[in-house]
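Peer 1: let me see the structure of the following:
(one chain, ligands or ions: 2)
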Amino acid sequence: MDLQQIKQRFGIIGNSFGLNRAIDVAVQVAPTDLSVLITGESGTGKEVMPQIIHQSSARKHGSYIAVNCGAIPEGTIDSELFGHEKGAFTGALSDRKGYFEEANGGTIFLDEIGELPLNTQVRLLRVLEAGEFIKVGSSKVLKTDVRVVAATNVKMEQAIKEGKFREDLFYRLNSVPISIPPLRERADDIYLLFRKFANDFATRYRMPAIRLTDDAKEMLLRYRWPGNIRQLKNITEQISVIEQQREINGEAITKYLPYHSGDNLPAIITDHKKEESDFSNEREILYKVLFDMKNDMNDLKKLVLDMMENGGVNAQGEHAQIIQKLYQSEDGDFVPNNNNVQPMPYSQPVHKEHHESIQDTEEFVEESLSLADKEIELIKKALDKYNGRRKQAAVELGISERTLYRKIKEYQIER
Ligand SMILES: Nc1ncnc2c1ncn2[C@@H]1O[C@H](COP(=O)(O)OP(=O)(O)O)[C@@H](O)[C@H]1O
Ligand SMILES: [Mg+2]
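Peer 2: Ligands and ions are numbered 1, 2, ... in the order given. Sure, this is the predicted structure:
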């Protein structure tokens with residue numbers, strides 16, 4: 001496969017030298033079993049590299065397991081990676097295979113490798129050097145044949161100096177380094193990426209794509225992008241959803257480009273590296289809610305305006321459709337406020353009760369405009385649906401269990 005084919009297959013946009021070079025090294029190193037360490041600031045697009053390596057290697061029919069070392073609690077990471085024996089610790093009710101056993105014959109991607117606890121680093125070094133590991137609570141040495149690709153956004157040299165990362169492991173992992181340049185050094189890619197994301201969000205939210213005036217383009221190019229492509233993607237989504245105008249000028253775009261002095265990271269990723277994906281998930285949900293509500297509002301306005309002009313609601317045709325749409329919940333069920341309300345309860349001219357219905361609706365809209373309320377409502381619904389089982393509820397909500405837990409506490413949701 002040549003470079004263009006790889007980019008197409010993995011959805012990679014951009015043509016800058018640094019990016020092409022990184023992909024090229026990934027493809028070259030793929031057929032070997034060498035360990036690869038991918039470095040690059042947060043949001044530069046590290047996650048696709050191990051997939052390219054796996055898919056271009058002889059292991060492509062084996063399993064590919066991605067592990068975010070920063071997201072697994074220190075107490076369970078050994079067991080997750082290497083498995084445990086029944087009774088190894090409280091709660092170990094049966095034997096469990098670890099990822100290194102599961103991925104035998106395949107590839108493991110260890111993301112945020114800098115977060116790996118020191119004792120786990122010892123186990124990892126052994127597996128890399130000898131293909132051997134021992135399950136937690138066992139004494140039996142097992143064998144596995146796994147290709148390891150790791151990634152980090154922290155300066156490993158610093159971590160080594162501070163005694164947080166073993167030097168021997170670093171050299172072992174770093175057999176082949178791949179570094180992904182920050183977005184600000186890939187100026188030619190910025191606008192390409194923007195256009196791609198703008199089109200994606202236009203499709204997702206079913207509206208025309210935003211375009212940039214020349215001065216807005218200029219601002220994108222000159223911005224520092226501390227959160228790199230992830231930030232560009234998030235900002236493009238925000239603008240797509242929030243701005244009414246589809247043509248975005250320089251003034252409009254500055255609102256979305258937070259100012260950073262020196263090399264500060266943007267507020268959203270400072271100490272919350274691990275929460276990043278939660279953030280974007282939540283934001284996505286909120287945008288969807290916001291966007292749906294905006295549409296509902298517009299529909300309502302239209303309905304009211306029409307009624308004022310024509311003095312009534314027609315039970316067929318466009319009004320009926322609007323009303324039906326307004327009463328439809330996301331999964332397509334009707335959610336009438338009481339059992340008597342039909343999707344099309346309105347007959348000819350406006351009686352008093354119609355005024356009341358409209359007022360009800362307005363009240364309803366006003367209430368739901370609070371994102372927090374909407375969020376609480378969604379969380380309650382999800383918890384109800386799964387009888388209070390948080391894991392499933394979190395999956396349905398598209399947030400992590402931890403975030404759900406936090407929100408339940410924050411909003412004091414009782415279930
Ligand atoms: N070259 C690219 N083309 C298209 N999307 C990209 C590119 N690089 C990164 N992305 C997108 O940007 C986001 C962040 O990338 P990711 O690989 O998660 O970054 P990180 O380096 O922090 O692991 C993801 O949504 C990813 O799909
Ligand atoms: Mg990442």
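Peer 1: can you list the residues of the stretch 201-350 of the chain near ligand 1?
Peer 2: Residues of the stretch 201-350 of the chain lying close to ligand 1 (C-beta under 6 Å from any ligand atom) are 229-230, 233. C-beta here means a position set from N, CA and C on the backbone, and glycine is covered the same way.
Peer 1: in this structure, what residue is nearest ligand 1?
Peer 2: Evaluated by C-beta to the nearest ligand atom, the chain has residue 45 as its residue closest to ligand 1, separated by 2.5 Å.
Peer 1: looking at this, that residue is in a strand?
Peer 2: No - counting by DSSP: H, G, I helix; E, B strand; the rest coil, residue 45 is not part of a strand but coil.
Peer 1: show the backbone phi and psi for it.
Peer 2: phi 100, psi 40 (degrees, to the nearest 10).
Peer 1: near it, how many other residues are there?
Peer 2: By other C-beta atoms under 10 Å, the residues close to residue 45 number 22.
Peer 1: ok, now residue 210?
Peer 2: Neighbour number of residue 210 under other C-beta under 10 Å is 24.
Peer 1: so it makes contact with residue 239?
Peer 2: Yes - Residue 210 is within contact range of residue 239, at 5.7 Å (criterion: C-beta atoms under 8 Å).
Peer 1: shared neighbours of those two, anything?
Peer 2: Common neighbours of residue 210 and residue 239, counting by C-beta atoms under 8 Å, 6 or more residues apart in numbering, are residue 248.
Peer 1: about what we covered before: show the pLDDT at the residue nearest to the residue of the chain closest to ligand 1 when sequence neighbours are not counted.
Peer 2: Of all residues not flanking residue 45 in the chain, residue 229 sits nearest, at 5.5 Å (C-beta to C-beta, 6 or more residues apart in numbering). At residue 229, the model reports a pLDDT of 98.
Peer 1: over to residue 229: give its phi and psi.
Peer 2: When read as degrees, to the nearest 10, the backbone of residue 229 gives phi -70, psi -30.
Peer 1: what's the distance between it and residue 47?
Peer 2: 11 Å (C-beta to C-beta, to the nearest Å).
Peer 1: between these two, which is the more surrounded one?
Peer 2: Neighbour totals were compared for residue 229 and residue 47, and residue 229 leads with 23 against 13 (other C-beta under 10 Å).
Peer 1: for the more buried one, what are its contacts?
Peer 2: 43-45, 183, 193.
Peer 1: mind running it again at 6 Å?
Peer 2: 43, 45, 183 (C-beta atoms under 6 Å, 6 or more residues apart in numbering).
Peer 1: the first one contacts residue 232, doesn't it?
Peer 2: Read that as residue 43. No - applying C-beta atoms under 6 Å as the test, residue 43 and residue 232 come out as separate, 8.3 Å apart.
Peer 1: more neighbours: these two, which one.
Peer 2: Taking other C-beta under 10 Å, residue 43 and residue 232 do not tie; residue 43 has more neighbours (24 against 21).
Peer 1: and residue 345, what pLDDT?
Peer 2: The predicted local confidence for residue 345 is 32.
Peer 1: then residue 32?
Peer 2: Confidence score, pLDDT, at residue 32: 96.
Peer 1: and for the closest residue to residue 179 other than its chain neighbours, the neighbour number?
Peer 2: Counting by C-beta to C-beta, 6+ apart, residue 179 lies nearest to residue 39, which is 4.9 Å off, once chain neighbours are set aside. Residue 39 has 20 neighbours, counted by other C-beta under 10 Å.
Peer 1: enumerate the residues of the stretch 51-200 of the chain near ligand 1.
Peer 2: So the stretch 51-200 of the chain meets ligand 1 at residue 193 (C-beta under 6 Å from any ligand atom).
Peer 1: show me the strands in the stretch 51-200 of the chain, by range?
Peer 2: Ranges of strands within the stretch 51-200 of the chain are 64-68, 107-111, 132-134, 141-143, 147-152, 176-179, based on DSSP state E, counting those that start in this stretch.
Peer 1: hmm, residue 74 is touching residue 118, no?
Peer 2: No - Residue 74 is not in contact with residue 118 according to C-beta under 6 Å; the separation is 9.9 Å.
Peer 1: residue 391: which of the strands of the stretch 51-200 of the chain is closest?
Peer 2: Taking C-beta to C-beta, strand 64-68 is the member of those nearest to residue 391, at 17.4 Å.
Peer 1: against which helices or strands is that closest one packed?
Peer 2: strand 107-111 (3 or more C-beta pairs under 6 Å, 6 or more residues apart in numbering; DSSP states H and E).
Peer 1: quick check: neighbours of the strand it packs on in the sheet, parallel or antiparallel?
Peer 2: Strand 107-111 sits in its sheet next to strand 64-68 (parallel), strand 147-152 (parallel), going by DSSP bridges.
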